[in-house]
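1. show me the folded form of this:
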Amino acid sequence: MFSFLISIVLLILGYFVYGRIVEKVFGPDPARPTPAVAMQDGVDYIPMPTWKVFMIQFLNIAGTGPIFGAIMGAKFGPSCYLWIVLGCIFGGAVHDYLSGMISVRKNGATLPELIGSELHWGSRTVIIVFTTLVLLMVGAVFVYSPALILGDIAGDGTTTSMLIWVFVILAYYIIATLLPVDKIIGKIYPVFAFALIFMAVSLLVCLVIKWPTIPEVWQGLGNRAPSVGVTGQSIFPCLFITVACGAVSGFHGTQSPMMARCLKNERLGRPVFYGAMIVEGIVALVWAAVSSYFFFDGGMAECGLQSASAPQVVTAVSKHWLGVVGSILAILGVVAAPITSGDTALRGARLNIAEFFHLKQDKIGNRLLVSIPIFVLVAVLLWINFRHEDGFNVIWRYFGLSNQLLATFTLGAITVWLARQYPLKRYYLLAGLPAIFMFCVCMTFICVDKTCLGLPSSWIPWLAAGWALLGGAQLNTWALSERHKAKKLYADGNKKD
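-> Numbering: from 1, shown residues only. Predicted coordinates for the structure are as follows:
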């Protein structure tokens with residue numbers, strides 16, 4: 001429990017200390033008109049109150065990632081705490097804040113536009129296709145996971161009851177994706193965000209009261225009970241793929257530009273973007289601690305379970321710990337989080353495609369033209385998922401890998417953007433070091449995971465070192481090249497003055 005409480009304190013300190021450093025490096029200008037003010041269109045560019053933008057951003061990025069991901073990550077042992085804390089402060093929050101603020105400076109540009117303009121890749125189409133595929137997988141995951149919980153609560157957990165909820169959730173997604181951002185998202189999301197925060201705080205109180213005997217970091221980073229652990233998967237790189245949204249997540253970079261179109265002042269970026277990621281990290285820590293109790297200190301026996309999948313842990317904890325009213329609010333938060341992330345993911349896919357084809361989204365006909373193919377593809381992904389007996393774990397694994405690859409691309413683009421801001425010093429390493437680490441994680445995972453190349457796990461140290469050197473060399477070449485160009489422009493500008 002001490003490791004858990006210390007981790008929460010470190011996350012809060014990270015916001016006030018490291019978050020302020022990152023903000024200072026970016027240099028927000030309160031006098032500069034934001035896209036929400038300068039480009040209002042009544043659909044996507046709409047100035048909104050800061051508290052509401054924060055709540056929407058938090059709910060957009062949360063999903064089931066900091067819940068299901070943390071539950072599965074807890075099986076790796078206390079190393080999960082370290083990854084959530086360090087990943088969130090130095091990786092995820094930096095990623096979310098700078099992707100959002102660069103989007104503000106680029107008139108609300110979507111993530112593919114940001115990556116394409118900074119990395120100068122030959123085919124912008126490749127970036128848009130990859131990003132859109134990630135968003136479609138997010139949409140499919142965040143239909144499937146709440147349907148699992150709702151089917152278990154309201155029905156008998158059979159495929160039929162799940163399919164009913166799938167159709168209900170998809171119908172909602174269609175409506176929310178098509179309507180202006182302030183009609184549904186701006187009105188009900190803050191309520192759902194409150195439910196999610198209430199759930200995390202309630203479980204935190206329960207943990208303090210129960211004070212379970214769960215593994216501490218100083219007792220060893222690995223799993224103390226292999227019988228409930230993850231077989232055939234090492235902490236590196238598998239933990240860093242499993243726990244994404246609670247630490248570093250490329251999906252967040254697709255959401256920050258949406259709220260960049262609603263921000264009224266650049267100085268509000270740190271509480272909205274960096275702050276929402278820190279709160280999500282706290283939610284992930286709570287569920288990691290709760291799951292540690294389940295896996296290592298008799299939580300399964302207390303709730304009468306023989307095994308504990310992520311959805312089972314959520315429903316069992318909510319029912320047994322929080323009572324009737326508390327469990328309703330908690331489950332509402334857990335269910336609302338993925339649903340609201342799913343619809344904004346598909347909204348992001350619509351914006352990506354519309355921006356690529358230069359289709360204005362102020363008319364419902366144009367929005368339908370883009371949205372119909374999106375929902376057909378999500379339905380196909382869900383159909384494939386239902387046909388696989390281990391569908392949730394399969395789709396989560398591929399979602400996790402593609403999600404972290406997207407985070408790598410985004411951090412790389414941010415690194416290049418920072419390198420171009422001469423005469424700043426080498427602050428591009430704020431994003432550069434996390435970018436290299438995530439590249440190393442993803443490429444090593446591709447090499448050793450059984451669903452990919454399946455190389456021997458004994459090769460992991462050598463593979464990791466090789467990928468880190470390769471990724472670092474390439475990113476440093478990009479950054480130094482852009483920095484040299486920026487330095488020349490800066491010198492020429494001073495000569496003219």
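2. list the buried residues of the helix or strand where Leu406 lies.
-> Taking DSSP states H and E as the criterion, Leu406 maps to helix 391-419. Buried positions in helix 391-419, judged by neighbour count with 16 or more other CB atoms under 10 Å: 391-392, 395-397, 399-419. Every residue, glycine included, has its C-beta placed from N, CA and C.
3. quick one, what contacts Pro257?
-> Residues in contact with Pro257 (CB atoms under 8 Å, 6 or more residues apart in numbering) are 99-100, 103, 108-111, 114, 348, 351.
4. now, which of those residues lie within helices?
-> Those of the contacts of Pro257 mapping onto helices are 99-100, 103, 111, 114, 348, 351, per DSSP state H.
5. by neighbour count, which of these wins?
-> Leu111 (31 neighbours; other CB atoms under 10 Å).
6. touching, it and Thr131? I think so.
-> Yes - using CB atoms under 8 Å, Leu111 makes contact with Thr131 at a distance of 5.6 Å.
7. find residues that contact each of the two.
-> Here Leu111 and Thr131 share the contacting residues 254, 352, 406, scored by CB under 8 Å, 6+ apart.
8. quick revisit: the helix holding Leu406 - contacts with which helices or strands?
-> Secondary-structure packing of helix 391-419 (3 or more CB pairs under 8 Å, 6 or more residues apart in numbering; DSSP states H and E): helix 93-105, helix 111-119, helix 124-154, helix 240-242, helix 250-260, helix 364-387, helix 429-448, helix 460-496.
9. how does it look with 7 Å?
-> helix 93-105, helix 111-119, helix 124-154, helix 240-242, helix 250-260, helix 429-448, helix 460-496 (3 or more CB pairs under 7 Å, 6 or more residues apart in numbering; DSSP states H and E).
10. closest one to Leu381 among those?
-> With respect to Leu381, and counting by CB to CB, the nearest of these is helix 124-154 at 4.0 Å.
11. give me the mean pLDDT for that closest one.
-> Averaged across helix 124-154, the pLDDT comes to 76.
12. in it, what counts as buried?
-> 127-128, 130-153.
13. now do it against helix 111-119, angle only.
-> With axes from the mean of the first three to the mean of the last three CA atoms, to 10 degrees as the basis, helix 124-154 and helix 111-119 are set at 140 degrees to each other.
14. so what does helix 124-154 touch, helix or strand wise?
-> Using 3+ CB pairs under 7 Å, 6+ apart: helix 124-154 touches helix 111-119, helix 159-178, helix 250-260, helix 310-357, helix 364-387, helix 391-419.
15. turn those helices into TSV, columns for distance to Ala62 and mean pLDDT.
-> Output for the helices and strands packed on helix 124-154, formatted as TSV (distance: least, CB to CB, whole Å; pLDDT from 0 to 100):
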stretch	distance to Ala62	mean pLDDT
helix 111-119	18	81
helix 159-178	16	77
helix 250-260	10	88
helix 310-357	5	73
helix 364-387	20	79
helix 391-419	14	82
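16. just name the most buried of those helices.
-> Of all those, helix 250-260 has the most neighbours on average by mean count of other CB atoms under 10 Å, namely a mean of 29.
17. ok, the nearest residue to Ala147 once chain neighbours are set aside - contacts?
-> Once flanking residues are discounted, Ala147 sits nearest to Trp165: 4.1 Å by CB to CB, 6 or more residues apart in numbering. With contacts taken as CB atoms under 7 Å, 6 or more residues apart in numbering, Trp165 has the following neighbours: 147, 150-151.
18. so which of the helices and strands packed on helix 124-154 gets nearest Arg20?
-> helix 391-419 (16.6 Å).
19. what separates the closest one from the chain centre, distance-wise?
-> Relative to the chain's own centre, helix 391-419 is displaced by 9 Å; criterion: CA atoms, centre = their mean, to the nearest Å.
20. also stretch 166-173?
-> The answer for stretch 166-173 is 22 Å, by CA atoms, centre = their mean.
21. send me it as PDB with only the CA atoms.
-> Only the C-alpha atoms of stretch 166-173 are listed here, as PDB (Å, rounded to 0.1, in the frame of the first residue of the first chain):
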ATOM      1  CA  VAL A 166     -23.300  -3.600 -29.000                       C
ATOM      2  CA  PHE A 167     -26.100  -2.400 -31.300                       C
ATOM      3  CA  VAL A 168     -27.300   0.200 -28.600                       C
ATOM      4  CA  ILE A 169     -23.700   1.600 -28.200                       C
ATOM      5  CA  LEU A 170     -23.100   1.700 -32.000                       C
ATOM      6  CA  ALA A 171     -26.400   3.600 -32.400                       C
ATOM      7  CA  TYR A 172     -25.300   6.200 -29.800                       C
ATOM      8  CA  TYR A 173     -21.900   6.500 -31.600                       C
END
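22. and the ones in helices among the contacts of Pro257 as a markdown table, adding distance to Gln361?
-> Converted to a markdown table, the ones in helices among the contacts of Pro257 look like this (distance: CB to CB, whole Å):
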| residue | distance to Gln361 |
| --- | --- |
| Ser99 | 21 |
| Gly100 | 20 |
| Ser103 | 16 |
| Leu111 | 17 |
| Leu114 | 19 |
| Gly348 | 12 |
| Leu351 | 7 |
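23. OK, contacts around the closest residue to Phe4 other than its chain neighbours?
-> What sits nearest to Phe4 in space, not counting adjacent residues and going by CB to CB, 6+ apart, is Ala289, at 4.3 Å. With contact taken as CB under 7 Å, 6+ apart, Ala289 is in contact with 4, 207, 214.
24. so what's the second one scoring on pLDDT?
-> Right, the one you point to is Leu207. The score at Leu207 is 88. That number is its pLDDT.
25. how close does it get to Gly14?
-> Leu207 is 21 Å from Gly14, where distance means CB to CB, to the nearest Å.
26. remind me which residues of the stretch 1-150 of the chain are low pLDDT?
-> Applying pLDDT under 70 to the stretch 1-150 of the chain flags residues 63-64, 120-124.
27. among the contacts of Ala289, who's most crowded?
-> Of all these, Ile214 has the most neighbours under the rule other CB under 10 Å, reaching 25 neighbours.
28. identify the residue spatially nearest to it, adjacent ones excluded.
-> Sequence neighbours aside, Ser292 is the residue nearest to Ile214 in space, at 3.9 Å (criterion: CB to CB, 6+ apart).
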